[in-house]
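Undergrad: Just a sequence and a predicted model for now, questions to come.
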Amino acid sequence: MAITKAVIPVAGLGTRFLPATKAMPKEMLPVVDKPAIQYVVEEAVGAGLRDVLMITGRNKNALENHFDRATEIESTLAAKGDTEKLRRVMYSTDLADVHYVRQGDPKGLGHAVLRGRMHVGNEPFAVLLGDDIIDSRDVLLSRMLEVAEERGASVIALLEVEPSQIHLYGAAAVEATDDGDVVRVTGLVEKPSAEDAPSNLAIIGRYVLQPEVFDVLEHTEPGKGGEIQLTDALQELAAESGGPGVYGVVFRGRRYDTGDRLDYLKSIVQLAVDREDLGPDFRAWLRKYASTLANKPKAGETLDEPGVGA
């Protein structure tokens, strides 16, 4: 069955970015000059998934507004003859067929995915997490859709991380397949310690799921953090005897994590330096600024020479 639907959970509170996210969804934080959520929707559409369901929560109206018409802005830009800005404003409006449903109780990622059941129906579908931006020059989701269609199985995205960082992710135990970038998943553990992790292959925020996952999520008990974990449901599917199992696509491209403050700043820099319109000037400034850092005082320190570190 052709896969046409994407589910994007966006109900999180974004507490890491307070107070910026007190009144604005974290998914609307700008990454250069687009909100993070637009990169994610563009990725879904680029892979052929134009039917997008967002699982929202309170104070997420800005997301709906962003993908809706902005007639006052459009009229103002049209009257000024500013066709380029008008095109950019209208681009997100026509990007996809976007639907919304509230999660209600914040019971975890598994619960958020389950809230999409009525919209998805008995079809395979993709799940994209808004914290992860995959560089548009690198292929991931399209490859996952291909593997899911070939094998009739659920597929997760995996990324090699430093063992010291695996506790921040779900970790996968895997077996090799005939495809160099595809592995069969034999086990999954949510946020293990480095000592208990089955590998340093971390689950990142892209999934292609078979509809059977909904039945599993219906009876999945709260796990790590008292939440219904999608990882636990996938572990059950992976262990199911005679079932299609779960496969992983090992991603070796560029990924930007916007869910952490430091990584969010890095993401902006990494994307900006490669922009044709901003990159040349930004790279020149960045080199000049970086050359001054050796003389800048650390927090709480001062230098004797006047003007140094200014």
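TA: Done, it's in.

Undergrad: gap between the residue nearest the centre of the chain and residue 268?
TA: Among the residues of the chain, the one closest to the centroid is residue 132, at 2.8 Å (CA atoms, centre = their mean). To residue 268, residue 132 is 15 Å away according to CB to CB, to the nearest Å. C-beta: built from backbone N, CA, C; applies to glycine.

Undergrad: burial measure for residue 42, as a count.
TA: 17 (other CB atoms under 10 Å).

Undergrad: Sorry, slip of the keys, the one I care about is residue 69.
TA: Other residues near residue 69 number 12, with proximity taken as other CB under 10 Å.

Undergrad: Likewise for residue 228?
TA: Under the criterion other CB under 10 Å, the count of neighbours that residue 228 has is 21.

Undergrad: Next up, the contacts around it.
TA: By CB atoms under 8 Å, 6 or more residues apart in numbering, the contact list for residue 228 reads 107-111, 114, 217, 220-222.

Undergrad: again, only this time at 7 Å
TA: 107-108, 110-111, 217, 220, 222 (CB atoms under 7 Å, 6 or more residues apart in numbering).

Undergrad: a strand runs through it, doesn't it?
TA: No - according to DSSP: H, G, I helix; E, B strand; the rest coil, residue 228 belongs to no strand; its state is coil.

Undergrad: Which residue, neighbours along the chain excluded, lies closest to it?
TA: residue 110 (3.7 Å; CB to CB, 6 or more residues apart in numbering).

Undergrad: Surely that neighbour and residue 231 touch.
TA: No - applying CB atoms under 7 Å as the test, residue 110 and residue 231 come out as separate, 8.0 Å apart.

Undergrad: Give me the common contacts of these two.
TA: By CB under 7 Å, 6+ apart, no residue touches both residue 110 and residue 231.

Undergrad: The residue nearest to residue 228 and residue 226, how far apart?
TA: For residue 110 relative to residue 226 (CB to CB), the value is 12 Å.

Undergrad: which of those two has more neighbours?
TA: Applying other CB under 10 Å to residue 110 and residue 226 shows that residue 110 carries more neighbours, namely 22 against 9.

Undergrad: Check which helices and strands the helix or strand where that one lies sits against.
TA: For residue 110, the host element (DSSP states H and E) is helix 109-114. Judged by 3 or more CB pairs under 7 Å, 6 or more residues apart in numbering; DSSP states H and E, helix 109-114 is in contact with strand 5-9, helix 212-218, helix 230-239.
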